[in-house]
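Asker: Make a model of this:
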Amino acid sequence: EEGMAPLAVFNPHPWPVATTVEVEFGAQLGRGAIVAVDDADRRVPVQVARSSTVCGGRRVLVVPVELPPLGYRLYRLYADPASGPVTERGTVLENEHLRAEIDPATGWLSSLVHKASGADLIDDEAARAAHAAILDDPTDTWGHGVVSYRDVIGRFTPTSVRVVESGPVRHVVRVDSAYGSSTMREDYVLVAGARHLEVRVTVDWHERLRMLKLRFPTALTGVTATHAIPYGHLERVPDGHETVSHTWVDVSGETPAGPAGLSVLNDAKYGGDVSGGDLGVTVLRSPPYAWHTPEPLPEDGDYEAMDQGVQRFTYRLLPHDGDWRAAGTPRAAAELDQRPVALLESFHEGPLPQHRSFADASDAGNVVITVVKRAEDGDGHIVRGYETDGAAATATVHLPFLRRTVIAEFDPHEIKTLFVPDDRRLPVVETDLLERPLSESEDTTPDRTG
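Answerer: Numbers count the residues shown, from 1 in each chain. Presented below is the predicted three-dimensional model:
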């Protein structure tokens with residue numbers, strides 16, 4: 001079709017996902033505004049952002065997408081001459097769910113309001129102290145003998161706070177800051193309709209025997225701290241001790257507006273601490289490589305330090321009322337850790353429909369299906385999931401590509417693995433993590449076919 005570019009987007013999660021995707025693009029559709037049209041002829045505006053590729057006239061297209069569970073949808077991109085003007089909003093980021101305000105003096109949030117509850121999650125006074133805190137860290141590579149890091153000696157200081165995007169899809173405020181020989185960039189991104197504030201971080205680090213922590217001081221009292229672990233979560237005492245958190249950590253408690261909380265999701269940083277309502281994510285450390293106390297450091301300083309140079313990662317701030325269970329934090333973290341895949345395509349005939357779902361397990365909100373794959377042995381597929389909230393659940397897993405529907409009962413915190421035979425006449429069998437049947441005589445998991 002003349003003047004059209006197809007965009008195929010795949011959702012890796014077996015529940016519907018509404019998000020945005022970004023694709024690099026040339027000048028095929030001209031230099032003006034662009035609109036996306038889905039398979040049902042619904043139009044959505046596309047925001048055009050500047051590419052990091054300086055030459056060649058390339059741009060980044062930011063496309064809002066609504067994707068079927070573990071499946072794909074095809075969008076068609078066209079030039080849009082009817083695009084209207086965009087309102088400038090400065091350093092306030094606001095949509096129907098959140099209102100965030102960045103203080104140019106600190107480069108950090110002075111306010112983060114969850115509109116449904118009216119709760120402002122940010123402790124403004126504490127936030128003025130240090131968001132990007134530098135700590136003295138004379139400990140060895142493995143931090144032997146250390147239970148917490150508290151010796152703050154400085155912070156990144158903002159050098160520039162400016163709007164870099166403002167359009168129908170998202171608003172982006174960029175904060176550049178510096179400390180010593182190091183620089184940091186945080187892009188605060190709020191998408192229309194999003195329940196989280198995304199922050200994209202680039203750090204160029206050149207310090208030694210130092211640590212960088214990003215701190216999130218909240219206005220919460222009576223805090224319960226919950227940390228993600230593989231296939232589950234743990235509540236830990238918020239005593240400031242350094243601990244492991246995987247893709248998310250949450251603090252929930254009380255505000256003057258009522259019960260509320262803040263989940264911090266991240267795609268690459270798995271250590272941190274919680275001290276009361278003050279949450280910290282450990283970004284990097286710079287001890288020498290493979291230095292083990294009590295071996296002394298070379299007096300001439302001739303050693304190579306860890307975590308030097310450029311690092312990039314993303315975190316999301318997810319405010320909520322109640323606790324993290326109502327916010328769907330585990331699924332939100334999974335959507336950050338495994339994002340949709342977008343591919344610019346050529347237009348051609350094909351045997352597949354323009355949207356399709358291969359697996360759907362969206363009915364039980366406290367069950368996350370993490371694996372749908374071909375079995376290592378036998379003619380069938382493996383489906384694996386776990387219960388997230390500590391409450392028993394019944395999950396219905398639709399597998400259209402096998403023409404089967406599986407009903408699985410999950411105990412609190414249970415991890416369950418199922419072998420689903422290709423032959424619809426054979427029952428579904430529960431297995432262990434190595435895909436061996438739990439018991440040859442055990443009852444099989446209920447199964448409906450059709």
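Asker: Excluding residues flanking it in the chain, which one is nearest residue 97?
Answerer: Counting by Cβ to Cβ, 6 or more residues apart in numbering, residue 97 lies nearest to residue 195, which is 4.9 Å off, once chain neighbours are set aside. Any C-beta I mention is one placed from the backbone N, CA and C, and that applies to glycine too.
Asker: Might one say that the one you found is in contact with residue 115?
Answerer: No - counting by Cβ atoms under 8 Å, residue 195 does not reach residue 115; the two are 10.1 Å apart.
Asker: neighbour-wise, which of these two wins?
Answerer: Between residue 195 and residue 115, residue 195 has the larger neighbour count (other Cβ atoms under 10 Å), namely 18 against 13.
Asker: ok, that one - contacts?
Answerer: Taking Cβ atoms under 8 Å, 6 or more residues apart in numbering, we find residue 195 in contact with 97, 98, 318, 327, 332.
Asker: which residues does the closest residue to the second one other than its chain neighbours form a beta bridge with?
Answerer: Distances taken as Cβ to Cβ, 6+ apart place residue 197 nearest to residue 98, at 6.1 Å, with adjacent residues excluded. When bridges are called by DSSP bridges, residue 197 pairs up with residue 317.
Asker: again, but for residue 419
Answerer: For residue 419, the beta-bridge partners under DSSP bridges are residue 382, residue 429.
Asker: my read: it touches residue 384, true?
Answerer: No - between residue 419 and residue 384 there is no contact under Cβ under 8 Å: 10.2 Å.
Asker: if we can go back for a sec, does the residue nearest to residue 98 really touch residue 93, like I thought?
Answerer: Yes - counting by Cβ under 8 Å, residue 197 does reach residue 93; the two are 6.8 Å apart.
Asker: Mutual contacts of the two, please.
Answerer: Here residue 197 and residue 93 have 100, 188, 190 as joint contacts, going by Cβ under 8 Å, 6+ apart.
Asker: Looking at those, which is nearest residue 237?
Answerer: For these, the residue nearest residue 237 by Cβ to Cβ is residue 100; the value is 29.4 Å.
Asker: that older thread, quick check: the farthest pair among the contacts of residue 195?
Answerer: The distance between the two most remote of these (Cβ to Cβ) is 13.6 Å, for 98 and 332.
Asker: middle-most residue in the protein, spatially?
Answerer: Nearest to the mean C-alpha position of the chain, counting by Cα atoms, centre = their mean, stands residue 336 at 2.4 Å.
Asker: Helix, strand, or coil at that residue?
Answerer: When classified by DSSP: H, G, I helix; E, B strand; the rest coil, residue 336 comes out as helix.
Asker: which residue packs closest to it, ignoring adjacent ones?
Answerer: Excluding its sequence neighbours, the residue lying closest to residue 336 (Cβ to Cβ, 6+ apart) is residue 265, at 5.0 Å.
Asker: Go ahead and confirm that neighbour touches residue 247.
Answerer: Yes - contact status for residue 265 versus residue 247: in contact at 6.3 Å, counting by Cβ under 8 Å.
Asker: Quick check: neighbours shared by the two?
Answerer: Contact criterion Cβ under 8 Å, 6+ apart; residues shared by residue 265 and residue 247: 333, 336.
Asker: I am finished for the moment; much appreciated.
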